[in-house]
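In: got a predicted structure here, sequence first:
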Amino acid sequence: MAMQVPAGNLLQDIYYPSDLKKLTEDQLEQVCQELRQYIIDIVSVNGGHFAASLGVVELTVALQYILNTPYDQLVWDVGHQAYGHKILTGRRDQFHTNRLYKGISGFPKRSESIYDAFGVGHSSTSISVALGMAVASQYKGETDRQHVAVIGDGAMTAGIAFEALNHAGIENSNLLVILNDNNMAIDPNVGALKEYLTDITTSKPYNRFRDDIAHVLNKLSAIGPDAFKIAKKIEKSIKGTLLKRSNFFEALQFRYFGPIDGHDVKHLVKVLNDLRDIPGPKLLHCVTTKGKGYALAEKDQTKWHAPGLFDKITGEIKKTKHEKPQPPKYQDVFGHTIIELAEQNPKIMGITPAMPSGCSLNLMMKAMPNRAFDVGIAEQHAVTFSAGLATQGLIPFCNIYSSFMQRAYDQVIHDVAIQKLNVVFCLDRAGIAGADGPTHHGAYDLAYMRCIPNMIVSAPMNEEELRNLMYTAQQDDMGPFSIRYPRGNGVMVDWQRPMKAIPVGKGRKICDGEELAILSIGAIGNEVVKATTALNAEGYNPAHYDLRFVKPLDEALLHDVFSKFNKVITVEDGCIEGGMGSAVLEFMADNNYHSQVIRMGIPDRYIEHGEQPELWAEAGYDANSIAEKVKSVVEKRNTHTIAS
């Protein structure tokens with residue numbers, strides 16, 4: 001049950017930013033201390049993302065103190081760091097329900113608050129959004145309206161962020177991009193941009209210079225546009241000399257300010273106040289520490305990104321104690337299995353877009369650093385990079401969360417499938433993903449993958465099947481191969497069994513039955529097993545088949561099913577529009593069968609956040625729902641038979 005905790009002396013009277021503005025600047029440091037402690041208190045007992053929000057406490061307070069939100073538009077990128085924002089914008093007393101079923105969202109959400117200018121969950125969208133807002137305000141004559149995008153250095157590596165910067169530089173819109181530079185996404189950042197930002201933050205001559213230039217330019221802008229233009233040219237020349245290279249952001253026609261200490265709230269207030277009056281696109285570079293104010297989170301930022309429940313005093317992360325060994329997480333099965341396969345097959349490579357610990361590719365990165373790549377938050381690049389590897393005879397296992405793969409759909413089609421390249425897509429977090437909610441549910445991959453020519457689309461029911469599918473996918477000339485599996489633990493303790501190839505497009509019978517047939521695909525089939533076990537105890541006798549592949553379908557199995565059963569139920573942890581159930585209906589129609597097919601899966605609406613079992617039940621395809629549906633169908637049939 002969610003636990004509420006008391007707020008500090010100043011924070012308890014802050015419900016909205018208007019309350020924050022009543023305080024003096026000298027009181028803001030205490031507000032920051034209380035806000036940081038409140039986040040620690042709540043997250044330690046209720047769970048959620050942690051280190052990211054601690055790192056932007058001062059920035060959050062300064063922004064809400066200076067901006068006139070919600071009139072001024074404040075856009076948070078990703079949203080992991082927006083807990084402080086939520087607490088200061090009317091949701092402090094609901095914050096203990098954060099990410100819980102029927103509680104507030106863990107991310108900014110337009111339908112939740114007018115202070116959430118844009119809904120986010122996937123990274124790197126903030127600059128594009130804020131620029132669109134700024135251009136709209138300019139068009140409507142709202143010259144006093146501020147537009148601020150807060151983006152992390154990890155999110156800045158995505159292509160859409162570069163595209164937005166490129167466009168924003170030619171618009172004379174009132175846009176401020178705040179680069180929250182903590183050298184971290186969920187895992188440590190990678191790439192040339194990281195090195196560039198490090199150069200800026202460690203250049204002593206440059207840092208001495210930047211302390212004065214913003215104030216001078218602000219004064220010159222008041223004198224007139226000509227003085228301001230001359231000063232800008234001088235500043236640009238000096239910046240380039242001190243950094244020994246062109247300033248990347250200045251080259252894109254942004255006014256660059258920083259780097260500044262992102263934990264000095266009074267200085268942040270001063271700088272943000274100055275920047276309000278400087279026209280055009282601006283970028284403020286803030287250096288912060290992820291996990292700031294909680295020593296353990298500062299020391300191990302990846303571990304404390306979302307640690308679960310913990311003792312806030314000792315830092316001990318609370319784990320459920322089990323008397324018996326427990327099944328592993330599917331992601332860990334992937335992480336260990338790819339190493340086993342790579343040891344046997346030198347062609348295998350591992351690729352992930354900034355989720356090495358989340359998908360467990362970090363295990364391969366440690367064991368085989370020259371064969372595993374974190375390419376940054378860049379899903380499109382990850383797919384096409386994999387395609388390039390495949391053209392040279394290598395077999396890339398490209399591991400991307402199902403929801404994030406949507407960002408690279410064009411690349412899957414054009415760069416992989418059309419060219420029949422053997423790229424293995426391992427889609428983690430497929431199906432209902434849990435507390436992260438609709439932006440992270442992997443609802444659509446079965447539907448969007450099965451319509452692509454040359455693509456093999458599969459889903460394992462358990463850990464052994466995952467290993468066997470991975471083994472199958474790296475066979476010669478296999479072509480594009482998709483394997484989807486869910487978030488969380490599997491069902492097998494004894495899972496490290498010898499691997500074997502599975503015939504592509506071959507399903508299997510789980511149990512015989514007489515009354516009707518249930519067809520499932522993937523790990524949700526274990527809910528079907530629970531349902532059939534309970535039904536058998538009550539005298540019902542449904543058959544159960546695990547398709548394993550939605551493309552190609554096991555036509556022999558389906559012919560057998562439709563020749564025996566006039567009632568068929570399909571169950572999938574994915575959208576029912578275009579998914580496995582739709583494929584079965586298409587097969588039935590194409591082959592002139594006339595059975596009744598009932599589809600169970602994610603309905604045609606967005607499912608909110610909560611624990612997976614809660615959401616399966618809400619969507620109507622947990623074990624109880626499946627059992628009740630079987631009873632309903634069987635009893636209706638029996639009633640009809642008696643009446644006849």
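Out: Good, I have the coordinates.
In: now the strands for the stretch 401-550 of the chain?
Out: 424-428, 456-458, 481-484, 508-511, 517-521, 543-546, 549-551 (DSSP state E, counting those that start in this stretch).
In: quick one: which of those is nearest L193?
Out: Closest to L193 of these is strand 424-428 (Cβ to Cβ; 25.3 Å). To be clear about C-beta, it is placed using only N, CA and C from the backbone, and glycine gets the same treatment.
In: and K509, bridged to which residues?
Out: Counting by DSSP bridges, K509 forms beta bridges with Y545.
In: do the one 10 residues further on as well
Out: Here L519 sits in beta bridges with Y545, T570, going by DSSP bridges.
In: pretty sure it sits against K567.
Out: No: with contact defined as Cβ atoms under 8 Å, L519 does not reach K567; the gap is 11.5 Å.
In: quick revisit: would you turn the strands of the stretch 401-550 of the chain into CSV with mean pLDDT?
Out: Compiled in CSV, the strands of the stretch 401-550 of the chain are given as follows (pLDDT from 0 to 100):
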stretch, mean pLDDT
strand 424-428, 98
strand 456-458, 98
strand 481-484, 98
strand 508-511, 98
strand 517-521, 98
strand 543-546, 98
strand 549-551, 98
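In: now the strands for the stretch 1-150 of the chain?
Out: Here the stretch 1-150 of the chain has its strands, by DSSP E, counting those that start in this stretch, at 73-76, 147-152.
In: now the ones you listed in CSV, with mean pLDDT, mean neighbour count and distance to I607?
Out: Formatted as CSV, the strands of the stretch 1-150 of the chain follow (pLDDT from 0 to 100; neighbours: other Cβ atoms under 10 Å; distance: least, Cβ to Cβ, whole Å):
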stretch, mean pLDDT, mean neighbour count, distance to I607
strand 73-76, 96, 26, 23
strand 147-152, 95, 28, 27
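In: picking that back up, any chance of the strands of the stretch 401-550 of the chain in JSON lines, with distance to A134 and mean neighbour count too?
Out: Compiled in JSON lines, the strands of the stretch 401-550 of the chain are given as follows (distance: least, Cβ to Cβ, whole Å; neighbours: other Cβ atoms under 10 Å):
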{"stretch": "strand 424-428", "distance to A134": "36", "mean neighbour count": "28"}
{"stretch": "strand 456-458", "distance to A134": "42", "mean neighbour count": "27"}
{"stretch": "strand 481-484", "distance to A134": "39", "mean neighbour count": "28"}
{"stretch": "strand 508-511", "distance to A134": "56", "mean neighbour count": "15"}
{"stretch": "strand 517-521", "distance to A134": "45", "mean neighbour count": "29"}
{"stretch": "strand 543-546", "distance to A134": "52", "mean neighbour count": "23"}
{"stretch": "strand 549-551", "distance to A134": "44", "mean neighbour count": "25"}
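In: of all those, which one comes closest to N9?
Out: Closest to N9 of the strands of the stretch 401-550 of the chain is strand 424-428 (Cβ to Cβ; 44.0 Å).
In: if we can go back for a sec, in JSON lines: the strands of the stretch 1-150 of the chain, plus distance to E464.
Out: As requested, these are exported to JSON lines (distance: least, Cβ to Cβ, whole Å):
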{"stretch": "strand 73-76", "distance to E464": "42"}
{"stretch": "strand 147-152", "distance to E464": "39"}
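In: where does F334 land in three-state SS?
Out: Taken by DSSP: H, G, I helix; E, B strand; the rest coil, the conformation at F334 corresponds to helix.
In: quick check, it in contact with D428.
Out: Yes: in this structure F334 lies within contact range of D428 using Cβ under 8 Å: 7.2 Å.
In: and for Q392, the neighbour number?
Out: 7 (other Cβ atoms under 10 Å).
In: ok so, going back, out of the strands of the stretch 401-550 of the chain, flag the one nearest K299.
Out: The closest of the strands of the stretch 401-550 of the chain to K299 is strand 424-428. By Cβ to Cβ, the value is 27.0 Å.
In: which elements pack onto that closest one?
Out: Packing partners of strand 424-428 (3 or more Cβ pairs under 8 Å, 6 or more residues apart in numbering; DSSP states H and E): helix 330-344, helix 356-359, strand 395-401, helix 402-405, helix 463-473, strand 481-484.
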